[in-house]
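>>> predicted model follows, preceded by the sequence.
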Amino acid sequence: MSMKGGQVAMRITRLGRRSCDLVESLGRAGVFLAQSAVGIPSAEGFRLWVRQLHFVGVLSLAIVLVSGLFIGMVLALQGYTILVDFGAEDALGQMVALSLLRELAPVVAALLFAGRAGSALTAEIGLMKATEQLTSMEMIGVDPLRRVVAPRFWAGVVALPILTVGFSVVGIWGGYLVGVEWLGVFEGSYWSNMQASVAFINDIGNGMVKSIVFAVVVTWIAVFQGYDLLPTSEGISRATTRTVVYSSLAVLGLDFVLTAVMFGGL
Amino acid sequence: MKRSRSMEFGVGLFILVGILGLVFLGLRVSGLTFSGASNTYQLEANFSNIGGLKPRARVSMAGVTVGRVESIELDTEWYDARVTLSLTNELEGQISRDATAAILTSGLLGEQYVGLSMGGDPETLEEGDTIRDTQSALVLEELIQQFISNMATN
């Protein structure tokens, strides 16, 4: 009996410790973000930022644009088969543009970004930590947060919104290829219906706000997981996985909240 | 050094592509124009029922789009809907005082828009004037109710 009571007490203790750990790591992540993101920009920092922007932005362009093209094409194809039943295939442009701008471009670009760039950031920073490069930086008086983390964080925050814009543009073009060139929707109604229904602030602006939020969250998770991991090969692999899982969940969850606030009429 | 140069060029190009993409979305997809507010003028019209009319809906004359619905609000004096229309400048001083504004539906399931038709009065409406002669949206339920009450009285 007393044995059992002891076990229960131990479980409760463990649960409490886990919760404390969770809160603690959240706090650590917040302090980490504040320490690395805030700072006076310097010429050296700018050069590092450009290098990272090249890696997370320019090199992610290909996968994001190709995905955008296919998603736009599939949207047009699916939308057409449904809309044509109602004789409303003229609204195809509106459907493709609104679903891309409001929803698909920010979310899918963020998911691709988490997989393509976020995981790489985690692995890179993690390996730096495991090989004690970060500690040696500290020893020669260079702040690793400013030198390593800040350029990567800001590069991610700038890159993802640009990638999202590219995704939307290519997706709308893909919808045009399938809808107008292939399925024979009238070109004028494709564009004019789109222009009549898409509002710059409400649709494009809100989509951009979404993608900026996603950019901050995904990059934050990626650099923090890299900085905070156990410096072993297993720790690096776990942290890389966690980056992709956490960022995907965060993006999808936040997307619902943001959509409810922006378009739910709350 | 050369590698760093080409990398910087790539990054610059990347940012430029982003800006151009945003401009494309603004101009081509959302139909934003730089001409802005200076090229429009506003008229008001009161409708007893606007049905499903929404801000930004089309205002057309003879099927040609001449403006947009700017805002819709409840007129607390008459308890009807006051719709503000913004029309292109070309029509300023052209629309006669007895012009008609009607809320119409494009197609069977389409969106609702405001149709203007000219009257014969030589006097014209200026900025901020109100169109007197309006025709409300057709509300299906009211039509059915009328039909049923007609049937009952017959």
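That came through, no problem.
>>> and the helices in chain A?
Secondary structure of chain A by DSSP state H: the helices cover A:2-37, A:43-56, A:61-83, A:92-99, A:105-113, A:119-130, A:133-139, A:144, A:150-176, A:187-197, A:206-228, A:233-263.
>>> I meant chain B, not that one.
According to DSSP H, the helices that chain B contains are B:2-24, B:140-153.
>>> just put the helices of chain A in TSV and tack on distance to chain B and mean neighbour count.
The way it works is simple: take the backbone N, C-alpha and C, and place the C-beta from them, glycine included. As requested, these are exported to TSV (distance: least, C-beta to the nearest C-beta, whole Å; neighbours: other C-beta atoms under 10 Å in any protein chain shown):
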stretch	distance to chain B	mean neighbour count
helix A:2-37	20	11
helix A:43-56	5	17
helix A:61-83	7	19
helix A:92-99	5	25
helix A:105-113	10	26
helix A:119-130	17	22
helix A:133-139	21	14
helix A:144	22	19
helix A:150-176	3	26
helix A:187-197	3	19
helix A:206-228	8	24
helix A:233-263	14	16
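>>> save those helices as CSV, and put in mean pLDDT too.
CSV is the format used below for the helices of chain A (pLDDT from 0 to 100):
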stretch, mean pLDDT
helix A:2-37, 86
helix A:43-56, 88
helix A:61-83, 95
helix A:92-99, 92
helix A:105-113, 96
helix A:119-130, 94
helix A:133-139, 91
helix A:144, 86
helix A:150-176, 94
helix A:187-197, 84
helix A:206-228, 94
helix A:233-263, 94
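>>> for residue B:56, find the nearest of these.
Nearest of the helices of chain A to residue B:56, taken as C-beta to C-beta: helix A:187-197 at 8.1 Å.
>>> helices or strands next to that closest one in the packing?
Counting contacts by 3 or more C-beta pairs under 8 Å, 6 or more residues apart in numbering or on different chains; DSSP states H and E, helix A:187-197 is packed against helix A:92-99.
>>> residue A:123 contacts residue A:241, doesn't it?
No: counting by C-beta atoms under 8 Å, residue A:123 does not reach residue A:241; the two are 10.5 Å apart.
>>> ok, now which ones touch the residue sitting nearest the centre point of chain B?
The structure's chain B has its C-alpha centroid closest to residue B:68; by C-alpha atoms, centre = their mean the separation is 2.3 Å. Residue B:68 is in contact with B:56, B:57, B:58, B:59, B:85, B:86, counting by C-beta atoms under 8 Å, 6 or more residues apart in numbering or on different chains.
>>> spatially central residue in chain A, please.
Central residue of chain A (C-alpha atoms, centre = their mean): residue A:110, at 3.0 Å.
>>> tell me how far it lies from residue B:132.
Separation of residue A:110 from residue B:132 (C-beta to C-beta, to the nearest Å): 53 Å.
>>> domain ranges for the chain?
This is for chain A. Partitioning chain A according to automatic domain parsing yields domains covering residues A:1-38, A:39-263.
>>> try chain B instead
B:1-32, B:39-144.
>>> how about JSON lines for the ones you listed, with distance to residue A:253 and mean pLDDT added?
JSON lines is the format used below for the domains of chain B (distance: least, C-beta to C-beta, whole Å; pLDDT from 0 to 100):
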{"stretch": "domain B:1-32", "distance to residue A:253": "26", "mean pLDDT": "83"}
{"stretch": "domain B:39-144", "distance to residue A:253": "30", "mean pLDDT": "85"}
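>>> what about those, which gets the closest to residue A:153?
domain B:1-32 (16.3 Å).
>>> distance to residue A:20 added to the domains of chain B, as a markdown table?
Shown next, in a markdown table, are the domains of chain B (distance: least, C-beta to C-beta, whole Å):
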| stretch | distance to residue A:20 |
| --- | --- |
| domain B:1-32 | 43 |
| domain B:39-144 | 51 |
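>>> right, and these - which one's nearest residue A:194?
Smallest distance to residue A:194 across these (C-beta to C-beta): 5.7 Å, for domain B:1-32.
>>> what is the neighbour count of residue B:69?
22 (other C-beta atoms under 10 Å in any protein chain shown).
>>> what's the closest non-adjacent residue to it?
Leaving aside its sequence neighbours, residue B:69 sits nearest to residue B:57 (C-beta to C-beta, 6 or more residues apart in numbering or on different chains; 4.4 Å).
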